[in-house]
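[1] Structure of the sequence below:
(one chain, ligands or ions: 2)
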Amino acid sequence: MTTIEPETSGASATAAAAPGAAPADAPRTTPAERPSDGEHLLSTRDVSVLYGDNRALKPTTLDFDAGTVTALIGPSGCGKSTFLRCINMMNREIPHCRVEGHIWYGGVDVNAPDTDLYEVRRRIGMVFQQPNPFNKSIYDNIAFAPRRHGVKGRKQLDQLVEESLRGAALWDEVKDDLHKSGRALSGGQQQRLCIARTLALHPDVILMDEPCSALDPIATLAIEQTVRDIVATGICVIIVTHNMEQAARVSDRTAFFYLGEMVETGPTAHLMKMPKDQRLSDYLTGRFS
Ligand SMILES: Nc1ncnc2c1ncn2[C@@H]1O[C@H](COP(=O)(O)OP(=O)(O)O)[C@@H](O)[C@H]1O
Ligand SMILES: [Mg+2]
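    Ligands and ions are numbered 1, 2, ... in the order given. Down below sits the predicted model:
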């Protein structure tokens, strides 16, 4: 597994300056095996998004570190998903959508036209709001992508399946039913299966867009615990949530979005206790939701 040792631990300040530039001869299209551009695992610099002529996200500068969870919070329609989708280039699937700015990851700006999307999405996985397991067995849900990436040996695949399901805290519940359909699981188990599916590719970053909004409170707590277990292995998680209690429970840092603008960011406990911006303060006190 690609192990990222964060060069800075825990919280990171959001700096306006660009992170150290990649060496001039660095490959432009494929992130390097380890991040080579200094402090942060992933950094966005003035990332903004237009749908046609409508600027849905103003220039957004944020840093993300290995082994941390960042929560993206704010009212609906404020650009959280739009920003999240930039990070693994998913906005490219949307016609008339244009992403401006820089996304520094693994020593290169992955927001370049010639980026190897396949490689970026292997390293930066995504979990969606609705659990979406393939219509395949639990085993094949996990093994599908590694097989496509060339992992062929049965023993190796068996190991990968077990390791990924353990990583998503699902192994004990399904180890005797690996050939049952992934879609036969409960909603919370399906979501953990989707997390296991991303873990099988040994990602550096997992993006989660409101992963618990379709789940009951017990399944939600299980996902939150899984998130904490995953980041303890050095993975970086970026999670959109409209649930502030969830942000408080699960995240190290929080970024608040409002009307297409990333208004304020900081360590979660501090930001929630002492918001600087009136809009964040109003949001936290429930003046709008
Ligand atoms: N595919 C799309 N095409 C056009 N506009 C979009 C698209 N997706 C989102 N938007 C617009 O971008 C803005 C931000 O949306 P979104 O990122 O989904 O917000 P959030 O995740 O915070 O609820 C909204 O005004 C929304 O209507
Ligand atoms: Mg959204």
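[2] Just after the longest helix seen in the chain, pick out the following helix or strand.
    In the chain, taking DSSP state H as the definition, the longest helix is helix 217-232. Counting by DSSP states H and E, the next helix or strand C-terminal to helix 217-232 is strand 236-240.
[3] gap between the longest helix of the chain and the chain center?
    14 Å (CA atoms, centre = their mean, to the nearest Å).
[4] Show me what it is packed against.
    strand 69-73, helix 187-199, strand 236-240, helix 244-250 (3 or more CB pairs under 8 Å, 6 or more residues apart in numbering; DSSP states H and E). From N, CA and C alone the C-beta is placed, and that goes for glycine too.
[5] Could you pull out the buried residues of that helix?
    Across helix 217-232, burial judged by 16 or more other CB atoms under 10 Å covers Ala219, Thr220, Leu221, Ala222, Ile223, Glu224, Thr226, Val227, Ile230, Val231.
[6] same thing with stretch 162-175?
    Quick answer for stretch 162-175 (16+ other CB under 10 Å): Glu162, Glu163, Ser164, Leu165, Gly167, Ala168, Ala169, Leu170, Trp171, Glu173, Val174.
[7] Likewise for stretch 59-78?
    Buried residues in stretch 59-78 (16+ other CB under 10 Å): 60-74, 78.
[8] Below-threshold pLDDT in the chain: ranges please.
    Residue ranges of the chain with pLDDT under 70: 1-38.
[9] Just give me the neighbour total for Pro203.
    Other residues near Pro203 come to 22 when the count uses other CB atoms under 10 Å.
[10] State the distance from it to Ile124.
    6 Å (CB to CB, to the nearest Å).
[11] Over to Ala71?
    From Ala71 to Ile124 the distance is 17 Å (CB to CB).
[12] what do you get for Ile223?
    Ile223 is 19 Å from Ile124, by CB to CB.
[13] Output the contacting helices and strands for the strand or helix carrying Asp172.
    Element membership for Asp172, per DSSP H and E: helix 171-174. On a contact count with 3+ CB pairs under 8 Å, 6+ apart, helix 171-174 meets helix 154-167, helix 187-199.
[14] If we use 6 Å, what do you get?
    Judged by 3 or more CB pairs under 6 Å, 6 or more residues apart in numbering; DSSP states H and E, helix 171-174 is in contact with no other helix or strand.
[15] and ligand 1, which of the buried residues of stretch 59-78 contact it?
    Near ligand 1, judged by CB under 6 Å from any ligand atom, the entries from these are Gly74, Cys78.
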